[in-house]
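# Fold the following for me, if possible:
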Amino acid sequence: MPTDLEPVYRRLKSILEPYGRRLHVTEEDPTAYAVDVAPEGDPEPGGHGSPLAASA
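This next block holds a predicted model:
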């Protein structure tokens, strides 16, 4: 990851992380963090929700 983007990535990830408990984390590694936003009451988020992501 380019050094100049690391602070941006960390900030975006810190915004999304608290929601990871209620949403479905679909990717998490040193360069990407993504959660799937499923419609309320949908136990199967795969493909139904809108992805939110922070990556570099």
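# going forward, measure contacts and count neighbours with C-alpha atoms only.
Will do.
# Strands of the chain, start to end?
Ranges of strands within the chain are 24-29, 32-37, 50-55, based on DSSP state E.
# looking at those strands, which has the lowest confidence?
Within those, the stretch with the lowest mean pLDDT is strand 50-55, showing a mean of 57.
# Surely Glu28 touches Ala34?
Yes. If you go by CA atoms under 8 Å, Glu28 and Ala34 touch, sitting 6.5 Å apart.
# who has more neighbours, those two?
Using other CA atoms under 10 Å as the criterion, Glu28 and Ala34 rank with Ala34 on top: 21 against 14.
# Show me what that one is bridged to.
Glu27, Ala53 (DSSP bridges).
# State the distance from it to Glu6.
According to CA to CA, to the nearest Å, Ala34 stands 16 Å off from Glu6.
# swap in Arg21?
23 Å.
# So the two - more neighbours on which side?
Glu6 (15 against 10).
# Can you measure across stretch 18-30, start residue to end residue?
Using CA to CA, one end of stretch 18-30 lies 17 Å from the other.
# What residues sit buried inside it?
Across stretch 18-30, burial judged by 16 or more other CA atoms under 10 Å covers 20, 23-26.
# With distance to Arg10 as extra columns, can I get those in JSON lines?
Listed next are the buried residues of stretch 18-30 as JSON lines, based on distance: CA to CA, whole Å:
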{"residue": "Gly20", "distance to Arg10": "15"}
{"residue": "Leu23", "distance to Arg10": "19"}
{"residue": "His24", "distance to Arg10": "19"}
{"residue": "Val25", "distance to Arg10": "16"}
{"residue": "Thr26", "distance to Arg10": "17"}
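# Arg11: which of these is nearest?
Minimum distance to Arg11 across the buried residues of stretch 18-30 is 14.8 Å, recorded for Gly20 (CA to CA).
# No more questions from me, cheers.
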